[in-house]
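Student: what follows is a predicted protein model with its sequence.
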Amino acid sequence: MLRESWSDIRFRLRALFRRNAMEHELDEEVRFHLDREIEKLTRAGVPHGEASRCARVAFGGVERIKEDSRDSRGVRMLEHVLHDLRYAVRGIQRRPGFSLAIVLTLGLGIGANATMFAVTDRLLLRPPELLRDPDLVHRVYIATTQDGRERMQGWYQYTRYLDLRRLTSSFAVVAARATPHLAVGSGEDARELPVGAVSVSFFSLFNAHPVLGRFFTAGEDTVPRGAAVAVLSHAYWQSHYGGERSALGRRLLVGKSVYTIVGVAPPGLAGVDLGETPVVWVPITAYAATMGTPTDASTYYTTYNWGWMQMFVRRSSGVSPEAATADLTNAMQRSYANELALHPRTTPADSARPRAIAAPIQVARGPDAGAEPKVLLWVTGVSFIVLLIACANVANRGGNRDRRHGHPACALPARRHGALGAD
Amino acid sequence: MTDAKLDLPQGTLDLLILKALSLEAQHGWAISERIQQVSRASLQIPQGSLYPALHRLERRGWIAATWGNSENNRRAKYYSLTKAGVKQLAEETSAWERLTTAVALVLNMA
């Protein structure tokens, strides 16, 4: 077996590197055969011309058989690749400027497209990292109509969140989060950084477990005031605490309050906001009770004055997005009634027509996306057209060249597939 | 034997070539002649189809090729059986015999 494969490899190498010699041998072998056959026939009394014809008939198609013999060498594929490569190298050597122009044209076209696709992917397609069941997760918007125009709101009250959480039944997870920029750290080390003020349920949206310590608990995320505990992001833990276990229990000034570090989030947990990765996660109730105006800080969970946070949901299995939106809208109408009872000067429900929307997790695909996604799609379209133009240009130049110099590739298929009827 | 020529069953050409080479090294034309003579011209083999088969067998290492001088003093490519080729011939011969015996048994079934 080993000997067989060794002989096979040796034969193929020879076929590859001594191709001309092998071709020559094949020619000679076939010629020898035909001559011997003609000789035999002539000796038997057949006239020479006739003998030559008969010998070829008995042999079969000479070119086809040569072709079959080449196939049996087992290096056809490689031969074609090498041939194409040699052809390409010759082309580049002959006209380097032309080749450079083509490479640049195609490079720009492809580069622009790759870049645009990367941006499209980030903004419109890819869900946040570590998100569990991204297809089931929604960003919730609420909408009310004022002066005949519907206003889409991405930011609303904690009381609204409590209402919607209580009054809906379509969701496995209902979570709240705000991403304020706060001074993190004290003294010279303090920096204004994004902070994840989140409900305890927020972590359940992700496939994430703390790499050290724990996330905060339901008992630490309660009204009127959550516990002053904090979970560091993995990156902040590495850069400010050297990845030391001793970070647990240390105190960290976030905004106006001192928090105790109880855990470290896994790398990759970046929340739900593109380019706004929180450096530290704190209970949303701890943040609200310390950061609002004195009135807001004490009434944020009972009144509808302070709109500052956003809600995220994961549908229970079997609930369609439409059913989720209907459930949310129904809850929103009841919540609006609560608001009206508390704040009688609010626009009446008939004209406000409150509703809520279970929208895609990607802001750019949501109802409050602004102009970016449209611009993005336009630019992507333009860059695609640029690529098409680049291709057309290259093809056109290539075509012109072929017309002047003949089509060099034409020689190839004939060799590859054998000249038919050449015998 | 009838006068009609028989088409060669798939895969048997290799066996015939190995057999033809079992006595002595030969060039392509002689192999073709030998098969024709021994089979009393009843096997239908286009002479040319020998060559792809020869090259395949050479690649497998069952036959080896050397250039030598022919009877009429012309350069010709001679093929000879290798050790692996001898073994292969024995295996293929016995497989062929078992096959024909089995087919004959079935055909002669009462």
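Tutor: Sure thing, it's come through.
Student: would you list every one of the helices in the chain?
Tutor: Assuming you mean chain A. With DSSP state H as the definition, chain A shows helices at residue ranges A:2-17, A:19-43, A:48-59, A:62-71, A:76-94, A:96-120, A:158-167, A:234-241, A:284-291, A:294-299, A:321-342, A:349-352, A:372-405, A:411-417.
Student: wait, chain B
Tutor: If DSSP H is used as the criterion, the helices of chain B fall at B:12-20, B:28-38, B:50-60, B:83-107.
Student: any idea of the pLDDT on the closest residue to chain A within chain B?
Tutor: Chain B approaches chain A most closely through B:G61 (2.9 Å), counting by CB to the nearest CB. Every residue, glycine included, has its C-beta placed from N, CA and C. pLDDT recorded at B:G61 is 90.
Student: and the residue positioned nearest the centre of chain A, how close does it get to A:Q362?
Tutor: Note on chain A: the residue nearest the mean C-alpha position is A:D121, at 5.0 Å, using CA atoms, centre = their mean. Note on A:D121: its distance to A:Q362, by CB to CB, to the nearest Å, is 10 Å.
Student: excluding sequence neighbours, find me the nearest residue to B:L16.
Tutor: B:I35 (5.4 Å; CB to CB, 6 or more residues apart in numbering or on different chains).
Student: please report the distance of the one you found from B:L13.
Tutor: Here the criterion is CB to CB. By it, B:I35 lies 9 Å from B:L13.
Student: tell me how many other residues surround the residue of the stretch 201-350 of chain A found nearest chain B.
Tutor: Closest approach of the stretch 201-350 of chain A to chain B (CB to the nearest CB) occurs at A:G268, with a separation of 53.3 Å. Other residues within reach of A:G268, judged by other CB atoms under 10 Å in any protein chain shown, total 14.
Student: go on, A:A297?
Tutor: In terms of burial, A:A297 registers 16 neighbours under the definition other CB under 10 Å.
Student: the nearest residue to it once chain neighbours are set aside: what's it in contact with?
Tutor: With CB to CB, 6+ apart as the measure, A:A289 is the residue that lies nearest to A:A297, at 5.3 Å, once sequence neighbours are left out. Under the criterion of CB atoms under 8 Å, 6 or more residues apart in numbering or on different chains, the neighbours of A:A289 are A:224-226, A:297-298, A:300.
Student: with adjacent residues omitted, what lies nearest to the residue in chain A that chain B sits nearest to?
Tutor: Of chain A, the residue with the smallest distance to chain B, taken as CB to the nearest CB, is A:S7 at 2.9 Å. Among residues not flanking A:S7 along the chain, B:G61 sits closest, at 2.9 Å (CB to CB, 6+ apart).
Student: follow-up on the earlier one: the residue of chain A closest to chain B against B:R60, yeah?
Tutor: Yes - in this structure, A:S7 is within contact of B:R60 by CB atoms under 8 Å, at 6.9 Å.
Student: which neighbours do those two have in common?
Tutor: B:A84.
Student: low-confidence ranges, the chain, go.
Tutor: In the absence of a named chain, this looks at chain A. Applying pLDDT under 70 to chain A flags the ranges A:1-4, A:398-423.
Student: you answered for a different chain; I wanted chain B.
Tutor: Filtered on pLDDT under 70, chain B yields the residue ranges B:1-5, B:10, B:110.
Student: interface residues of it facing chain A?
Tutor: Remark: the part of chain B in contact with chain A comprises B:27-29, B:32, B:46-49, B:51-53, B:55-56, B:58-61, B:67, B:70, B:72, B:74-77, B:84, using CB under 8 Å from any CB of the partner chain.
Student: redo that, cut-off 10 Å
Tutor: For chain B, the residues in contact with chain A under the definition CB under 10 Å from any CB of the partner chain are B:27-33, B:36, B:45-62, B:64-65, B:67, B:70-72, B:74-77, B:82-84, B:88.
Student: ChimeraX command for the buried members of those?
Tutor: Buried residues among the residues of chain B next to chain A (16 or more other CB atoms under 10 Å in any protein chain shown), as a ChimeraX selection:
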select /B:27,28,29,30,31,32,33,45,47,48,49,50,51,52,53,54,55,56,57,58,59,60,61,62,64,65,70,76,77,82,84,88
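Student: okay, now A:T260: neighbour count?
Tutor: A:T260: 13 surrounding residues under other CB under 10 Å.
Student: cool, the one 10 residues further on as well?
Tutor: By other CB under 10 Å, 21 other residues sit near A:A270.
Student: and A:S298, by the same measure?
Tutor: A:S298 is flanked by 15 other residues according to other CB under 10 Å.
Student: quick one: contacts for it?
Tutor: Taking CB atoms under 10 Å, 6 or more residues apart in numbering or on different chains as the criterion, A:S298 is in contact with A:224-225, A:288-289, A:292.
Student: looking at those, which is nearest A:G213?
Tutor: The shortest approach to A:G213 among the contacts of A:S298 belongs to A:R225, at 21.8 Å (CB to CB).
Student: ok, and the closest non-adjacent residue to that closest one?
Tutor: Nearest residue to A:R225, sequence neighbours excluded (CB to CB, 6+ apart): A:A289, at 3.7 Å.
Student: next one: phi and psi at the residue of the stretch 201-350 of chain A closest to chain B?
Tutor: phi 100, psi -20 (degrees, to the nearest 10).
Student: same thing with the one 5 residues further on?
Tutor: Backbone geometry at A:D273, expressed as degrees, to the nearest 10, gives phi -110, psi 120.
Student: identify the residue nearest it in space, chain neighbours excluded?
Tutor: Once its chain neighbours are removed from consideration, A:D273 has its nearest residue in A:T179; the separation is 5.3 Å (CB to CB, 6+ apart).
Student: so what's the residue located most distally from the centre of chain A up against?
Tutor: In chain A, A:G45 marks the outermost C-alpha relative to the chain mean, sitting 78.8 Å out by CA atoms, centre = their mean. Shown in contact with A:G45 (CB under 10 Å, 6+ apart): A:A51.
Student: roughly how far apart are it and A:D35?
Tutor: A:G45 is 18 Å from A:D35, where distance means CB to CB.
Student: A:R10 too?
Tutor: Applying CB to CB, one obtains 30 Å for the distance of A:R10 from A:D35.
Student: so for those two, which residue has more residues nearby?
Tutor: Taking A:R10 and A:D35 together and counting by other CB under 10 Å, A:D35 has the greater number of neighbours (16 against 12).
Student: list phi and psi for the closest residue to the more buried one other than its chain neighbours.
Tutor: Among residues not flanking A:D35 along the chain, B:R74 sits closest, at 7.6 Å (CB to CB, 6+ apart). Phi and psi for B:R74, reported as degrees, to the nearest 10, are phi -110, psi 150.
Student: count the residues that sit near the residue nearest to A:D273.
Tutor: The burial metric for A:T179, expressed as a neighbour count using other CB under 10 Å, is 18.
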